[in-house]
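Enquirer: please work out how this folds:
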Amino acid sequence: MALAKIADLYPNYKEDIFSGQDIKNFSVYDHTNDKIGSVYDIIVDETGKFRYLVIDTGFWVFGKKVLLPVGKASIDYAQERIYAKDLTKEQVESLPEYDDNMTVDYDYEERVRTVYRGVDYDQTEPSVAQNATASYSADAYSHDREPSLYHHAEVETDGRQSLKLYEERLIANKERFLAGTVKVGKRVETETASVSVPVEKERVVIERTTPTSGTVVPPGEATFGDTEVARIEVYEETADVEKQAFVREEVNVRKEVEQDTVTARETIRREELDVESDGDTVINRDSSRDPSV
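Expert: I've put the predicted structure just below:
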């Protein structure tokens, strides 16, 4: 099971887990109270459990970044410090170096665990540690099998114990997705149209009449022959039909945004503090807090 950086699993981990505080950049001290570096990152498993702190050792071991199992660390939020239990410079030099671009897989973890297991087992009998881990494998291994490395308890300093009360909150986010596509185009439809055009045609009308009175034509007026001709031009109209294109309609395409409010209801949990005392124990309550607490 590969591990991940805390920001990859919880983008808002500062608010969601540390109530706005961030243990990144907390100073790291060894058991002799000497500063050995700072917290560079936090490594969690797929369930969100803390597994390692990435320690930047700075000038202690030439800026080497190594993994510190959470079971080997105690946190002092008030002083913004991490105390690395039993961590020595020799161990840091033996630990495999951590890199941002690497994958923390089982094989890499085993190299890290091998170094830290030396603190828990008798160094004079290395076979004890080897036999204890002989049954481990990538498929069967569980971090819970080694509580000395991965069990984490809140820090206790100067007789004080830290207890955090958690509550769930509804976080609303929006996701944009493609709901559909509208295509607006043109197509050509045909139909048969008719138009009526009135046309005129000329025709020649010949009328022949016989005079009732025999009028005598003066001498020389009457000419016989075929030289006299009457010419009349006859016209007619024909229909000339042509097609012309006109703008029939204009179509404008645009988008409008409609806003709506979506309401979601979920059951959320919140932890409240229960205080029980025996005998004549005196409890000082913080007046600035809820008096019911």
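Enquirer: if you count contacts, what does the strand of greatest length in the chain end up packed against?
Expert: Determined from DSSP state E, the single longest strand within the chain is strand 35-44. Using 3 or more Cβ pairs under 8 Å, 6 or more residues apart in numbering; DSSP states H and E, the elements in contact with strand 35-44 are strand 4-5, helix 6-9, strand 27-29, strand 50-56. C-beta coordinates here come from the backbone N, C-alpha and C atoms, glycine included.
Enquirer: middle-most residue in the chain, spatially?
Expert: E175 (7.4 Å; Cα atoms, centre = their mean).
Enquirer: for the longest strand of the chain, give the mean pLDDT please.
Expert: What strand 35-44 shows for mean pLDDT is 91.
Enquirer: how many degrees apart are that strand and strand 50-56 in direction?
Expert: 140 degrees (axes from the mean of the first three to the mean of the last three Cα atoms, to 10 degrees).
Enquirer: surely R270 touches R169?
Expert: No. Counting by Cβ atoms under 8 Å, R270 sits too far from R169 to count as a contact (9.2 Å).
Enquirer: send me the longest strand of the chain as CSV with only the CA atoms.
Expert: C-alpha atoms of strand 35-44 as CSV (Å, rounded to 0.1, in the frame of the first residue of the first chain):
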residue,chain,number,x,y,z
LYS,A,35,17.8,20.9,17.4
ILE,A,36,18.3,18.5,14.6
GLY,A,37,16.1,20.0,11.9
SER,A,38,12.5,20.8,11.0
VAL,A,39,9.3,19.1,9.8
TYR,A,40,9.2,19.2,6.0
ASP,A,41,6.1,17.1,5.3
ILE,A,42,3.7,14.5,6.7
ILE,A,43,3.1,11.1,5.2
VAL,A,44,-0.3,9.3,5.7
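Enquirer: from the middle of its chain, how far away would it be?
Expert: Remark: strand 35-44 is offset 28 Å from the chain centroid, using Cα atoms, centre = their mean, to the nearest Å.
Enquirer: repeat for stretch 182-200
Expert: Using Cα atoms, centre = their mean, the offset of stretch 182-200 from its chain centre is 52 Å.
Enquirer: repeat for stretch 22-32
Expert: Here the centre of stretch 22-32 is set off from its chain's centre by 33 Å, with Cα atoms, centre = their mean.
Enquirer: then stretch 173-181?
Expert: So, by Cα atoms, centre = their mean, the centroid of stretch 173-181 is 12 Å from its chain's centroid.
Enquirer: end-to-end on it?
Expert: 24 Å (Cα to Cα, to the nearest Å).
Enquirer: any idea of the mean pLDDT for it?
Expert: pLDDT averaged over stretch 173-181 gives 87.
Enquirer: what's the answer for stretch 90-108, then?
Expert: pLDDT averaged over stretch 90-108 gives 90.
Enquirer: for that stretch, list the C-alpha coordinates in CSV.
Expert: This file holds the C-alpha atoms of stretch 90-108, laid out as CSV (Å, rounded to 0.1, in the frame of the first residue of the first chain):
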residue,chain,number,x,y,z
GLU,A,90,24.1,7.4,13.1
GLN,A,91,20.5,6.4,12.3
VAL,A,92,19.9,9.4,10.1
GLU,A,93,23.1,8.6,8.2
SER,A,94,21.9,5.0,7.7
LEU,A,95,18.3,5.9,6.7
PRO,A,96,17.4,6.1,3.0
GLU,A,97,17.0,9.6,1.8
TYR,A,98,13.5,10.9,1.0
ASP,A,99,12.7,12.8,-2.2
ASP,A,100,9.5,14.6,-3.1
ASN,A,101,9.1,12.8,-6.4
MET,A,102,9.5,9.3,-5.0
THR,A,103,6.9,6.7,-4.1
VAL,A,104,6.9,5.5,-0.5
ASP,A,105,6.2,1.9,-1.1
TYR,A,106,6.6,-1.3,1.1
ASP,A,107,10.2,-1.8,0.0
TYR,A,108,11.2,1.7,0.9
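Enquirer: list the buried residues in it.
Expert: 91-92, 95-96, 98, 104, 106, 108 (16 or more other Cβ atoms under 10 Å).
Enquirer: and the furthest pair within the residues you listed?
Expert: V92 and Y106 (21.8 Å; Cβ to Cβ).
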